[in-house]
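> fold the following, please.
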Amino acid sequence: MVLTWGSQQSGPWLMEAARRAAEANGLRQAPDGRSWGAVTLALKRAGQVRFVDYGPADSSNGSPKCRWAVVR
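Residues are numbered from 1 along each chain as shown. Predicted coordinates for the structure are as follows:
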């Protein structure tokens, strides 16, 4: 789901945006939002996403978070 959604984005994206998209498409909300860190790490280790830069997050009062892109 993350890879499909991420491939459709016009630029780098925050994992929180991917999480919101997944939840909007029927994925159950995790008991703890930090659970998505494991998803991010797995995708990165598999070489499926790459770090691009930092961007302000909605979830933490605009503090900088990693922005990602799907590796093509």
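> which residues does the residue nearest in space to the middle of the chain contact?
For the chain, Met15 is the residue whose C-alpha lies nearest the centre (CA atoms, centre = their mean; 1.8 Å). Taking CB atoms under 8 Å, 6 or more residues apart in numbering as the contact definition, Met15 lies against 2, 36, 39-40, 65-66, 68. Every C-beta, even on glycine, is put in place using the N, C-alpha and C of the backbone.
> pLDDT, secondary structure and neighbour count added to those, as a markdown table?
As requested, the contacts of Met15 are exported to a markdown table (pLDDT from 0 to 100; DSSP: H, G, I helix; E, B strand; the rest coil; neighbours: other CB atoms under 10 Å):
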| residue | pLDDT | secondary structure | neighbour count |
| --- | --- | --- | --- |
| Val2 | 92 | helix | 22 |
| Trp36 | 89 | helix | 16 |
| Val39 | 92 | helix | 17 |
| Thr40 | 95 | helix | 17 |
| Lys65 | 95 | strand | 16 |
| Cys66 | 96 | strand | 16 |
| Trp68 | 98 | strand | 25 |
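> quick check: the farthest pair among those residues?
Spanning the widest gap among the contacts of Met15 are Val2 and Lys65, at 15.2 Å by CB to CB.
> quick one: neighbours of the closest residue to Arg72 other than its chain neighbours, just the number.
Among residues not flanking Arg72 along the chain, Ser7 sits closest, at 7.8 Å (CB to CB, 6 or more residues apart in numbering). Ser7 is flanked by 10 other residues according to other CB atoms under 10 Å.
> shouldn't Ser7 be in contact with Trp68?
No. Counting by CB atoms under 8 Å, Ser7 sits too far from Trp68 to count as a contact (11.5 Å).
> gap between the strand or helix carrying Ala17 and the chain center?
Per DSSP states H and E: Ala17 is located in helix 15-24. Offset of helix 15-24 from its chain centre (CA atoms, centre = their mean, to the nearest Å): 7 Å.
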